[in-house]
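Colleague: any chance you could fold what I've pasted below:
(one chain, ligands or ions: 2)
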Amino acid sequence: MAEPELVNVDVVVLGLGVGGEEVAGRLAEAGLTVIGIERNLVGGECPYWGCIPSKMMIRAANAIAEARRVDGLGGSVQLRPDWAPVAKRIRDEATDNWDDRAAVQRFIGKGGRLVRGSGRLDGPGRVRVGDTVFQARHGIVLGTGTKASVPPIDGLTDTPYWTNREAVEVEELPGSLLVLGGGAIGLELAQVFARFGVRVTVVEAADRVLAVEEPEASEAAAAALRADGVQIRTGVKAARIEHGSGGFTLHGAAGEKLSADRLLVATGRRAHLDELGLETIGVDVGRRYLSVDDRLHVTDGVWAVGDVTGEGAFTHVAMYQAGIVVADVLDHARRAGDGADPSGTASAVSGAVGAASSLAATGSSGSAGSVPRADYRALPRVTFTDPEVGAVGLTEQQARERGINVQVGFTKLSSSSRGWIHRTDGEGFIKLIADADQGVLVGATSAGPAGGEVLSGLVVAVHAAVPLAQLRHMIYAYPTFHRAISDALHNLNS
Ligand SMILES: Cc1cc2nc3c(=O)[nH]c(=O)nc-3n(C[C@H](O)[C@H](O)[C@H](O)COP(=O)(O)OP(=O)(O)OC[C@H]3O[C@@H](n4cnc5c(N)ncnc54)[C@H](O)[C@@H]3O)c2cc1C
Ligand SMILES: NC(=O)c1ccc[n+]([C@@H]2O[C@H](COP(=O)([O-])OP(=O)(O)OC[C@H]3O[C@@H](n4cnc5c(N)ncnc54)[C@H](O)[C@@H]3O)[C@@H](O)[C@H]2O)c1
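Modeller: Ligands and ions are numbered 1, 2, ... in the order given. Next up is the predicted model:
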């Protein structure tokens, strides 16, 4: 067998999704020679099959729901929901028909070099793509993301089930849809399709949907989806799937039988670590995610970014981590700068590290001149159902499990002026979790018509550990949704 071609570079970024694209682009802009390896579309899941197209679908579905609310508030509206403009917008505006030319040009414009193909680690400092081995002088960044995790249910494998990808690409809606999994993907898409007239059933194995969030959030989301005509079946363990000309039938372990034209599997994500050649650098492949430290190191000279780290499968986590990885790789490159830099990047690197250091100075736990450290205490999550469910930090249960002296403050939006005016029908609320000993918030949930936006103030409160006394003493504009935070603060129990 012929020897592979060996190419020396500064940095190899494997996987150009949200995190990898950001890291690779910024390191290339800083003057390093960067190879970005991508086997599919530059940009990854978020722009083509995730956040962006799904939020376009949600925007359309919410417009329909809002039009239906005109009745009783301001007259009447005749509606004829039509999926065609949604599919067209996703194809033309969001994904360019699933073509990444613009993203590739953006990356090349920053000085990066794209290699299209499947990459695999090939020993320390080396990544192989086909017959080429890239030897990375300053490091390798793994940003290989996640795939839909498909549970091993009897009969499922060979059926034409959907994951988020087929659901986003759909041109013609089915009459009915079974959604397996009542997490963020399942609920967001279930509500969209229901609002376009699809008969949707959500099948969730746990005893509530959105099980990682507060129980009140699960109730609010379930109530809203039911109001849209979605059937929600919790505590159902799928035992067998049948597929035939009539569509799909799910058989539950307790004898449940549910049928629909289509089946969407939305039961979580998994990192495909087994394909990455991690054993060649002595990293355990038996784990679910790559274990990283607070500067995203996997091992010497190897960093990870985004979903593959298991720190929260969100675009904002990938972007946040990317900032730290960029600063740390540049810091390492600067330290290694010995005048023998083949690409002559030493001065560019030290300049860019200056910029990275100012980023460090603004990091929550970084100090001026140092690389920031990842801090997920105030990690925000927003499930874009209607009402939106925004959350930050710990849930009540998580706080209690950590032995925190917990205070809970709760208020319904319907008892606030804005909620009453808006007619939120009891579905929105603010729930605060305080550490009574420290006198600060450690978590919060904001569910409501703009729950994700109202969350921002709560994220600041948790992130900056703003004293409760100061939060109580703030002025909250009247009559906003966020003014309910003030009520929840006053309701904090002792
Ligand atoms: C339906 C849906 C909706 C979502 N909505 C939101 C939202 O509203 N807000 C939010 O914050 N997050 C949302 N997310 C999550 C978000 O999409 C991810 O957190 C984000 O895409 C993670 O970025 P990443 O760079 O880690 O991985 P990815 O985007 O998955 O990119 C990884 C890239 O690596 C490539 N790759 C993998 N292995 C190799 C290899 N061996 N060689 C070459 N290339 C490889 C893949 O082809 C891929 O392009 C959503 C996800 C889904 C599925
Ligand atoms: N708005 C957002 O930010 C957003 C939107 C979509 C996705 N995401 C990200 O993508 C990730 C993946 O989303 P997801 O909804 O696929 O995963 P998830 O982990 O959020 O939810 C999966 C759900 O499926 C259930 N489940 C698992 N196996 C099952 C089975 N065999 N039968 C029935 N139910 C089963 C789980 O109990 C869980 O409730 C999210 O965790 C989130 O990080 C974010």
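
Colleague: list the strands paired with the helix or strand encompassing V200, with their directions.
Modeller: Per DSSP states H and E, V200 falls inside strand 199-204. Counting by DSSP bridges, the strands paired with strand 199-204 are strand 176-180 (parallel), strand 231-234 (parallel).

Colleague: what strand or helix carries G186?
Modeller: Going by DSSP H and E, G186 is part of helix 184-195.

Colleague: look up how far Y376 lies from A447.
Modeller: Using CB to CB, to the nearest Å, A447 is found at 22 Å from Y376. Yep, even glycine has a C-beta here, placed from its N, CA and C like the rest.

Colleague: could you do T411 as well?
Modeller: 27 Å.

Colleague: so for the two, which sits in the more crowded spot?
Modeller: T411 (21 against 12; other CB atoms under 10 Å).

Colleague: how close does the closest residue to D131 other than its chain neighbours sit to ligand 1?
Modeller: Using CB to CB, 6 or more residues apart in numbering and skipping the chain neighbours, the partner closest in space to D131 is P4 (5.1 Å). As judged by CB to the nearest ligand atom, to the nearest Å, P4 and ligand 1 stand 16 Å apart.

Colleague: is P4 in contact with V129, as I believe?
Modeller: No. Contact criterion CB atoms under 8 Å: P4 and V129 do not qualify, at 9.4 Å.

Colleague: between those two, who's got more neighbours?
Modeller: V129 (21 against 15).

Colleague: what bits of the stretch 1-150 of the chain have low per-residue confidence?
Modeller: 1 (pLDDT under 70).

Colleague: please list the residues of it that sit near ligand 1.
Modeller: Within reach of ligand 1 by CB under 6 Å from any ligand atom, the stretch 1-150 of the chain has these residues: 14-15, 17-20, 37-40, 44-46, 50-51, 54-55, 118-119, 143-146.

Colleague: narrow the residues you listed to just the buried residues.
Modeller: 14-15, 17-20, 37-38, 40, 44-46, 50-51, 54, 119, 143-146 (16 or more other CB atoms under 10 Å).

Colleague: from the residues you listed, which ones fall inside strands?
Modeller: Using DSSP state E, the members of these that fall in strands are L14, I37, E38.

Colleague: pick the one among the residues you listed closest to L432.
Modeller: Nearest to L432 among these, counting by CB to CB, is L14 at 41.2 Å.

Colleague: contact residues of the stretch 301-450 of the chain facing ligand 1?
Modeller: Listed as neighbours of ligand 1 in the stretch 301-450 of the chain under the rule CB under 6 Å from any ligand atom: G306, D307, V308, A313, F314, T315, H316, A318, F384.

Colleague: how far away from the center of its chain is the strand holding V200?
Modeller: Put simply, strand 199-204 sits 22 Å off its chain's centre (CA atoms, centre = their mean, to the nearest Å).

Colleague: and the residue in the stretch 151-300 of the chain that ligand 2 sits nearest to, what does it touch?
Modeller: Nearest to ligand 2 in the stretch 151-300 of the chain, going by CB to the nearest ligand atom, is G183, at a distance of 1.9 Å. Residues in contact with G183 (CB atoms under 8 Å, 6 or more residues apart in numbering) are V209, L210, A211, V212, A266, T267, G268.

Colleague: name the helix or strand for L455, please.
Modeller: Per DSSP H and E: helix 451-463 holds L455.

Colleague: try A318
Modeller: helix 315-336.

Colleague: okay, buried residues for that helix please.
Modeller: 315, 317-334, 336.

Colleague: F384 touches Q191, doesn't it?
Modeller: No. Using CB under 8 Å, F384 makes no contact with Q191, being 9.1 Å away.

Colleague: look at the two and report which has more neighbours.
Modeller: Q191 (26 against 22).

Colleague: what score does the more buried one have for pLDDT?
Modeller: Confidence at Q191, expressed as pLDDT, is 98.

Colleague: which non-adjacent residue is nearest E22?
Modeller: A322 (3.9 Å).

Colleague: residue of the stretch 201-350 of the chain nearest ligand 1, please.
Modeller: Across the stretch 201-350 of the chain, the shortest distance to ligand 1 (CB to the nearest ligand atom) belongs to G306, at 2.1 Å.

Colleague: can you check the stretch 101-250 of the chain too?
Modeller: G145 (2.2 Å).

Colleague: tell me where the stretch 201-350 of the chain has helices.
Modeller: 215-227, 315-336, 346-362 (DSSP state H, counting those that start in this stretch).

Colleague: what's the burial count for A477?
Modeller: Around A477 there are 8 residues (other CB under 10 Å).

Colleague: residues in contact with it?
Modeller: R483.

Colleague: can I assume it sits in a strand?
Modeller: No. Counting by DSSP: H, G, I helix; E, B strand; the rest coil, A477 is located in no strand; its state is coil.

Colleague: tell me the spacing between it and R262.
Modeller: Separation of A477 from R262 (CB to CB): 45 Å.

Colleague: residues near the nearest residue to V308 once chain neighbours are set aside, how many?
Modeller: Nearest residue to V308, sequence neighbours excluded (CB to CB, 6+ apart): A271, at 4.7 Å. Neighbour count for A271, taken as other CB under 10 Å: 24.

Colleague: and the stretch 201-350 of the chain, which residues reach ligand 2?
Modeller: V203, E204, A205, A206, A211, A238, A266, T267, G268, R269, A313, F314.

Colleague: can you rerun that using 8 Å?
Modeller: 203-206, 209-212, 236-238, 266-269, 307, 312-315 (CB under 8 Å from any ligand atom).
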